[in-house]
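**Q** with the input below, show me the fold.
(chains A, B, C, D and E, ligands or ions: 4)
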Amino acid sequence: MTDSAGVPLLRVENLIRSFGGIKATDNLSLDVLPGELHAIIGPNGAGKTTLISQLTGQLMPNSGAIHFAGRDVTAVPAYQRSRLGLARSFQITSLLRDFTAIDNVAIAAQAHDGHSFRFWGAARKEKHLRDAAQAALTRVGLGQRANVLVSELSHGEQRELELAVALATKPQLLLLDEPMAGLGVTESARMVALLKELRKEVTIVLVEHDMEAVFALADRITVLVYGRVIASGDPDAIRNNEEVKRAYLGDQHAVTRHG
Amino acid sequence: GDTIKIGFVSTFSGPTAVIGNDMRNSFELALDHLGRKMGGKPVEVIYEDDGQKPDVGKQKTEKLIQSDKVDFIAGYIWSNVLLASLKTAVDSKTFLISANAGPSQLAGELCSPYVFSTSWQNDQTPQAVGTYMNQKGVKSVFLIGPNYAAGKDMLAGVKSTFKGQVVGEEYTVWPSQLDFSAELTKAKNSKAESIFVFYPGAAGVQFLNQYAQAGIKGQIPLYTAFTIDELSLPLQKDNAIGVPGAQQWVNDLPNAENKKFVEDYRKKYTGLRPTFYGAQSYDAVNLINSAVVAVKGDTSKKDEMKAEMEKANFKSVRGPFKYGKNHIPVQNFYLQDVVKDADGQLSLKTVATIVKDDQDRFVDKCPMK
Amino acid sequence: MLVLVEQSLNGLQFGLLLFLLAAGLTLVFGIMDFVNLAHGSLYMMGAYFAATFVAWTNSFVLGILMALGATLLLGIALEFIALRHLYGRDHLDQVLATFGLILFFNDAVRLIWGPAGLSLPLPSWLTVPVQIVPGVFYPAYRLSIIVVALAVAAMLYLVVMRTRIGMLIRAGASNREMIGALGINIKLLFTLVFGLGAALAGLAGLMQAPILTVQIGMGENILILAFVIIVIGGIGSIRGAFLAAIFVGMIDTLGRAFLPDLLRTVLSSAAASTAAPALSSMLIYLLMAIVLVVRPEGLFPAAKR
Amino acid sequence: MAETLLEIDGVETCYGLSQVLFGLSLKVQSGEMVALMGRNGMGKTTTIRSIMGMTGARAGTIRFAGEQVRSLPSYKIAKLGIGLVPEGRQIFPNLTVYENLVAASGNRQGASDPWTIEKIHALFPRLAERGNNMGVTLSGGEQQMLAIGRALMTNPKLLILDEATEGLAPLIREEIWNCLSMLKGRGQSVLVIDKNVANLSRIADRHYIIERGRTVWTGTSEQLIAEPDLQHRYLGI
Amino acid sequence: MKSSTINARNVVVALVALGLTLLPVYSALTGNIFILTLFTRIIIFALAAASLNLIMGYGGMMSFGHAAYLGIGGYAVGILAFEGIGSGFIQWPVALAASALYALVIGALSLRTRGVYFIMITLAFAQMAYYVTSGLSRYGGDDGLTIYKRSTFGGLIDLSNRTQFYYLCLACLFGGIYLIWRIVNSRFGMVVQGVRSNEQRMQAIGYHANRYRLVCFVISGTICGLAGALLANNTDFVSPAGMYWTRSGELMVMVVFGGMGSLFGPVIGTIVFLLLEELLSQFTEYWALIMGPLLLLIVLFARGGIMGVLGRLSRD
Ligand SMILES: Nc1ncnc2c1ncn2[C@@H]1O[C@H](COP(=O)(O)OP(=O)(O)OP(=O)(O)O)[C@@H](O)[C@H]1O
Ligand SMILES: Nc1ncnc2c1ncn2[C@@H]1O[C@H](COP(=O)(O)OP(=O)(O)OP(=O)(O)O)[C@@H](O)[C@H]1O
Ligand SMILES: [Mg+2]
Ligand SMILES: [Mg+2]
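**A** Ligands and ions are numbered 1, 2, ... in the order given. This next block holds a predicted model:
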């Protein structure tokens, strides 16, 4: 966090996106500094997933701008943003279901490697892809499950695999949409530990409803309600913000630090 | 060999199997009439189904020639199946008798010493219709036909002989178009004095239905080629009454051979009536027989057999005819009409002879002497 | 002008006829996610049943009602014996299996009714031309097709979009397992829907029979048209199928009616009369390709209605 | 003395060749709220699927409301009075919110105070706002609310919730817990899977912990709280 | 996956490959020429089916217009021959290029759609190709075009020699399958299969899904174009009938019959399908009465086609 000389890695300016009548993103501006873990919280339907989708390019904003690493990426298609170093995990698990865990990760590693118009060599025999994939799996705790088909992994394991896939593209900015959802207590704890590790290497935007995790991890928190930022600041400030309590946290989290 | 082997390629499956059936029935009947022997040798026939597909037809032809080693190969309803199969037969010098298909290439540049027809060239029938319309003093006509090779040939055939005015010419999508209301409306509004159509098989039934339902049957008379035959008539019923057509064979042609053919056919296959397809197949057997008899069963004498067949030295159910140098019959065409016969059933009847000894117009393109 | 009116009626009637066939297809295909190539065979069976029953009973109306019932039962039997095991399977499996059924039905019909086809004559009260506007007469039977198809369209739309049964059917399409967990016998529901689809196919077949023919394989070419229609309309959308069917009927008829004359203004007469049919044969496919390139999910994607 | 509503004994279930449940047993009394706990992948969801007949159990007995339901088709089991909020929500994406609820409505006659759309809307006002939106366009949390509403609309004797609070905002989550205690107060039987042990031990009557497809512990909330070692061993807390 | 290499599936594949290789010897010994003719056609269709399998089985693109390439490859040969250009060194590259170009254009348009819409739009384009060739009156219109002389290769190989032609076709088939095998297991192949499985996910990790799909589509079309050139030479004839939608349907049937997404499946499927058709039609003209229910039974009880069944046998 020392090198965050004020130049944001990601800068969102006046973003608007509406669906029919509803503004899911309403004139939203946001900075993410290099190296920080920036949590985004807010009630259900506040527009968090919609925001992530616009950042990764799955969804195009109606207006506004997105700058990433000094570049205007507002109109850059999804697949190119990923190459620039933006990676995401999905709120609703999205994996290659008929592939094994390691194949899922290896394909992501291959994307980072470039050169996918190779028609001849056997991809599954490329050692550096396999090694990279195995490393990412081990990292999220799936080292033993490498050769299991995704459709046979439990829900929790699939969530972990989501993260491994995102990691394998060696991103600069990792956008995580509810990575704890569906994880058991142990796995949640493991995930928190893992994210603690990861934040040393990569900037993270974390969308999460698990407040213990958020307060344990975040450097900064932005609160969205109806597509707008109602508060932004460090965890303590957010915890004690009356408006946030009313709209989102309720009374419990202001007092209980440890659940 | 000690048997005469004949291969017969036609369509025995799918919607048009009804034609193949009739051809086979007549072919069998002809063999029965010969005691299933030719030149003293027993005859063996192998029927193959082309499924109306050119490449399948060609494969069956190859099978008959290479695997069954037949002496003659006959049949072929469809022009494209015949054209696909032709080269195989000619290259192997196996005699091929087309019992129906008559594309212009066969009469012209693709004519071959080994290929004979017991039917006609496509254009001849509509030409006869055109001539008939002249005879009736028709002044103008609206032409409707399907948009494929035979359809275009048919309309061209009429135009080549019809002397009046062609006020409109409509091609419909083949084979998928089922509804002719747009064309009928146009014909009605064109003020033409008559309509000519060519619609074989099911399409012919549909066309006559819709022609009748459109309420113009009394107003604009219809002339046809290959649209009404004994296969379609039971479906067309009263819609076909009073709609003339032309054909080289009609079931009531007054010759002994024909009487025997028609009567025995109706006896052997109760409830069915022979068609011109059948008549052509019946003739094919007798043509082959004439050749085999001439060489006393020695089918290796190809030149002699060819010479014999060129004489058309057999009793055809259409009456006597000659072969042109392209091996296409030079023959009469008759006017046919639909009437109720003695048992109150609809049947085709010869009304007049439209042309005598008609030769197709592609014969000059045939390089044979 | 009168010609245009009459040609438009022709187009409308042809379109509505296609809708009858397409409606059953889109119901089974869009809602149950089942690709039924044998829909054309059911259409054929409807026509054969009608021709047979009308001849037996000597009554057009009675025969047609019996035929409708028979196709409904046939559809239910088919679903019960074989097709229900194919829900949720790959579309290709369904294509293959129902392709097999086409083969089977064609030959079964040939075996039972012979290869020659049947005819279904109209009763005399349906053959008279009716004057709709002064100077334009239109066959009564074609008018009756228009009326029946419109009624079917309205009924289907109401059932599928406005009733709980309709909701359940649509829900079952997206998640069979969950609809079961809500206590609904999805198997039975689907059987009934399939039967309804079959009856609609049969209805289309028997309505067409007097105009067209009762022939082996009569369902195959028209099935492709029906597929084109439901794809243009957006799979699963009754409204889409309805509009697309009318659209296709109009384009087809008006294209054939006026394209040659139109072309003659720019081309020589001979060139026009050969180019026009080639073009009009492609018109519908061209239309579909354009629609799909512009709107990859058809005009009315079902999910968005 | 409460009667037994659901009774499972010795259930074994497989996915294809891999066995997941190895003779699992549990019981839910009428009016009781029972929690099913265990780490990821231990077979909680599979247990629910076996009860519902979605993945048929290979052996064992499953009785619901006095009837043997193993090997019954799932719609018959549901009709006996089980409402399910499945893992991963599984709302109908091509129906509107309103239609999702209407499609599920049923069993009115059996219930004394049946659920209606209005009551669901009162519980989750968000659903009223989104009434005409297609299910697919809802946010994750909205979908979760809809799934719960849909299960309630069937007026079940036994409500089963499989991770029903996953992805909900803390405020809503509180509301759901409150709602569950309210339901329990009305005598609703509930079988619940959730990872929040604190909340579970607050309102559930009894708990089962499963490990690799077997019941390894069962007891009341007091017993559970009294044995922190247990939670550590089986739940990793 | 890890079962030993000697299992029912591999044994069958090996036997079939061996049988195909030795077939001309059998034909020469027994004097049964027809079997060679028959199998030449089967092999050509197997190549077409294998190419369809590449996009269908591995790429998840259900093309219902694959017969178009058979026609385009065939017409390229036929038209050039008709215009007096008999050299295969010109004809065949033109056939491949024309197929590739057609695939590129219709692929670029069709790949905007998914699922059944894709099935239908490929069908639409194939039907248009059908109507275009039906309108080529100079080249026979829908009567088709006879090819009087097979492609010549400057004396290297004589296509009118049955055995040589057979081996050429067989070499094309084995070559095509080898090519497909390498492609499927390559980096490119992994991406294509990944896109089939979950397009959204692949986009999110940085793949432009349609670009890979399109390349795959073009490769498949080109291989099928080769099959078209072979077929034209085998039949000495091309006609629009060979491009009709039913032919595309048959190709799909062959693929699914043998086992979609398995390398050798389409070959086995083609052999069984065409032989069955040939044998059943010898046996009765109501052969479809048997074939139809047979297809249904295969789908119902033999998931994954013949290869699927063999695979299951091997596992037990
Ligand atoms: N495609 C769409 N069409 C219409 N409305 C949409 C669409 N996508 C999202 N919405 C609406 O936009 C709003 C924001 O949704 P979004 O998924 O971003 O919420 P969220 O903050 O991620 O919520 P949660 O925490 O529950 O996941 C919701 O009200 C949702 O219904
Ligand atoms: N469809 C399936 N096919 C094969 N194996 C499966 C399938 N579904 C689940 N499994 C396996 O069954 C085991 C139990 O899964 P289940 O979903 O019941 O666990 P769970 O306790 O609900 O876990 P979680 O807390 O992650 O939801 C897991 O090991 C999983 O990999
Ligand atoms: Mg979200
Ligand atoms: Mg679970």
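**Q** surely D:Thr61 is within a helix?
**A** No - secondary structure of D:Thr61 (DSSP: H, G, I helix; E, B strand; the rest coil): strand, not part of a helix.
**Q** who's it bridged to?
**A** Beta-bridge pairing for D:Thr61 (DSSP bridges): D:Asp9.
**Q** now for the closest residue to ligand 4 within chain D: which residues touch it?
**A** Residue nearest to ligand 4 within chain D: D:Thr45 (3.1 Å; Cβ to the ion). In short, each C-beta sits where N, CA and C put it, glycine included. Counting by Cβ atoms under 8 Å, 6 or more residues apart in numbering or on different chains, D:Thr45 touches A:His155, D:Glu87, D:Asp162, D:Ile193.
**Q** could I get the pLDDT score of it?
**A** Note on D:Thr45: pLDDT of 93.
**Q** what do you get for the one 10 residues further on?
**A** Listed pLDDT for D:Thr55 reads 91.
**Q** by pLDDT, give me the weakest of the contacts of D:Thr45.
**A** Model confidence across those bottoms out at A:His155, which has 78.
**Q** need the contact list for that residue.
**A** Going by Cβ under 8 Å, 6+ apart, A:His155 touches A:Thr93, A:Gly182, D:Asn40, D:Gly41, D:Thr45, D:Glu87, D:Gly88.
**Q** cool, B:Gly204 as well?
**A** Under the criterion of Cβ under 8 Å, 6+ apart, the neighbours of B:Gly204 are B:Val197, B:Thr224, B:Phe226, B:Thr227, B:Ile228, B:Ser232, B:Gln236.
**Q** out of these, which sit inside strands?
**A** Counted as lying in strands by DSSP state E, out of the contacts of B:Gly204, are B:Val197, B:Thr224.
**Q** most neighbours out of the contacts of B:Gly204, which is it?
**A** Using other Cβ atoms under 10 Å in any protein chain shown as the neighbour test, those are led by B:Val197, with 31 neighbours.
**Q** restricted to strands, list the contacts of D:Thr45.
**A** Mapping these onto strands (DSSP E) picks out D:Asp162, D:Ile193.
**Q** now, which of the contacts of D:Thr45 sits nearest chain B?
**A** Nearest to chain B among the contacts of D:Thr45: D:Glu87, at 49.6 Å, using Cβ to the nearest Cβ.
**Q** ignoring the adjacent residues along the chain, who's closest to the closest one?
**A** In this structure, D:Glu87 finds its nearest non-sequential neighbour in D:Asp162, 4.3 Å apart by Cβ to Cβ, 6 or more residues apart in numbering or on different chains.
**Q** if you count neighbours, what's buried in the longest helix belonging to chain D?
**A** For chain D, the helix that runs over the most residues, judged by DSSP state H, is helix D:170-185. Applying a neighbour-count criterion of 16 or more other Cβ atoms under 10 Å in any protein chain shown, the buried positions in helix D:170-185 are D:Pro170, D:Leu171, D:Ile172, D:Arg173, D:Glu174, D:Glu175, D:Ile176, D:Trp177, D:Leu180, D:Ser181, D:Leu183, D:Lys184.
**Q** can you list those in a markdown table and add pLDDT and distance to A:Asp210?
**A** Output for these, formatted as a markdown table (pLDDT from 0 to 100; distance: Cβ to Cβ, whole Å):
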| residue | pLDDT | distance to A:Asp210 |
| --- | --- | --- |
| D:Pro170 | 87 | 9 |
| D:Leu171 | 84 | 14 |
| D:Ile172 | 82 | 13 |
| D:Arg173 | 85 | 10 |
| D:Glu174 | 85 | 14 |
| D:Glu175 | 81 | 17 |
| D:Ile176 | 84 | 15 |
| D:Trp177 | 88 | 15 |
| D:Leu180 | 87 | 19 |
| D:Ser181 | 88 | 22 |
| D:Leu183 | 86 | 25 |
| D:Lys184 | 89 | 25 |
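**Q** can you put these in CSV and add distance to D:Gln68?
**A** Below are the buried residues of helix D:170-185 laid out as CSV (distance: Cβ to Cβ, whole Å):
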residue, distance to D:Gln68
D:Pro170, 42
D:Leu171, 42
D:Ile172, 38
D:Arg173, 36
D:Glu174, 39
D:Glu175, 37
D:Ile176, 33
D:Trp177, 34
D:Leu180, 29
D:Ser181, 32
D:Leu183, 27
D:Lys184, 27
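**Q** closest one of these to B:Gln177?
**A** Closest approach between those and B:Gln177, by Cβ to Cβ: D:Ile172, at 60.8 Å.
**Q** re earlier: which one of the contacts of B:Gly204 is nearest chain E?
**A** Nearest to chain E out of the contacts of B:Gly204 is B:Phe226 (Cβ to the nearest Cβ; 16.2 Å).
**Q** got the contact list for the closest one?
**A** With Cβ under 8 Å, 6+ apart, B:Phe226 has these contacts: B:Thr125, B:Met154, B:Phe198, B:Tyr199, B:Pro200, B:Gly204, B:Gly245.
**Q** for the record, mean pLDDT for stretch B:134-142?
**A** Per-residue pLDDT over stretch B:134-142 has a mean of 95.
**Q** from B:Leu64, how far off is B:Lys5?
**A** If you measure B:Lys5 against B:Leu64 using Cβ to Cβ, to the nearest Å, the figure is 8 Å.
**Q** quick one: which of the two has more around it?
**A** The neighbour count for B:Lys5 versus B:Leu64, taken as other Cβ under 10 Å, is higher for B:Leu64 (28 against 18).
**Q** OK, contacts around that one?
**A** If you count contacts by Cβ under 8 Å, 6+ apart, B:Leu64 has them with B:Gly7, B:Val9, B:Ile46, B:Glu48, B:Val70, B:Ile73.
**Q** identify the bridge partners of the fourth one.
**A** Spelled out, that is B:Glu48. Beta bridges link B:Glu48 to B:Val9, judged by DSSP bridges.
**Q** settle this for me: it is touching B:Val9, isn't it.
**A** Yes - taking Cβ atoms under 8 Å as the definition, B:Glu48 is a contact partner of B:Val9 at 5.0 Å.
**Q** any shared contact partners between those two?
**A** Going by Cβ under 8 Å, 6+ apart, residues that sit against B:Glu48 and also against B:Val9 are B:Lys60, B:Thr61, B:Leu64.
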